[in-house]
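Visitor: one predicted model, sequence on top.
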Amino acid sequence: MLKPSSSELSALARTILLVSDETAHARLSQSALEEAGFIVLWTNGSSDALKVCAQHDGPIHLLLADLVLPPPEFQLASTANPFPHVNGFELAIRAAETRRNLRVALVCKDPEKELAAHGIAHTRLPVLTKPIDRQNLVSFVQEVLRQAPPMLSRSSHAGTDHETKWFG
């Protein structure tokens with residue numbers, strides 16, 4: 001089987017913004033995705049992910065974020081902060097407002113329970129269940145990238161408690 005040249009790979013490469021506070025999980029996911037030819041930008045929290053969405057010069061094709069993203073240190077919530085600590089669902093909405101045509105997927109251990117715990121009755125976003133197997137991760141990402149980007153906006157929160165309020 002012929003392997004694509006490096007120039008063909010770069011033309012095909014898709015950039016994934018991986019957001020996970022679990023370093024071991026993030027490193028495993030990053031390794032699997034890079035071996036499959038993806039470019040991976042990793043952050044360990046929603047605040048840094050929002051900064052990357054706002055400041056990264058190149059395209060970002062997929063946001064792959066943990067649903068549960070605890071803030072790294074105690075801080076009071078501020079409505080003036082353009083890069084607040086939020087859960088993965090709220091991150092998806094904010095990132096989609098910043099990046100047009102962004103595909104979004106969430107990662108969690110128990111989707112039904114964790115979505116409900118965050119006041120999310122249902123979501124049309126693809127959800128990958130932990131623990132993650134390398135091959136399943138790559139297949140999942142490829143499938144999400146084949147789909148049309150979701151239509152996310154603040155109105156996507158209709159019927160929910162809006163964003164999670166973080167205080168520490």
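Guide: That came in fine, so what should we check first? Residues are numbered from 1 along each chain as shown.
Visitor: next secondary structure element downstream of the lowest-mean-pLDDT helix or strand in the chain?
Guide: Taking mean pLDDT, DSSP states H and E as the measure, the chain has helix 6-12 as its least confident helix or strand, at a mean of 47. The first helix or strand that comes after helix 6-12 along the chain, using DSSP states H and E, is strand 15-19.
Visitor: immediately after that next one, which helix or strand?
Guide: helix 23-35.
Visitor: go through that following helix and flag the buried ones.
Guide: With burial defined by 16 or more other Cβ atoms under 10 Å, the residues of helix 23-35 counted as buried are 25-26, 28-30, 32-33. Heads up, the C-betas are built off the backbone N, CA and C, glycines and all.
Visitor: now swap in stretch 59-68 and tell me
Guide: 60-68.
Visitor: dump it to PDB, restricted to CA.
Guide: What follows is stretch 59-68, C-alpha atoms only, in PDB (Å, rounded to 0.1, in the frame of the first residue of the first chain):
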ATOM      1  CA  PRO A  59      -7.800  26.500  10.900                       C
ATOM      2  CA  ILE A  60      -9.300  24.300  13.700                       C
ATOM      3  CA  HIS A  61     -11.500  21.600  12.200                       C
ATOM      4  CA  LEU A  62     -12.600  19.900  15.400                       C
ATOM      5  CA  LEU A  63     -13.000  20.700  19.100                       C
ATOM      6  CA  LEU A  64     -12.700  17.400  21.000                       C
ATOM      7  CA  ALA A  65     -13.400  18.400  24.700                       C
ATOM      8  CA  ASP A  66     -14.100  16.600  27.900                       C
ATOM      9  CA  LEU A  67     -17.600  17.500  29.200                       C
ATOM     10  CA  VAL A  68     -16.300  17.900  32.700                       C
END
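Visitor: what mean pLDDT does that stretch have?
Guide: When pLDDT is averaged along stretch 59-68, the result is 96.
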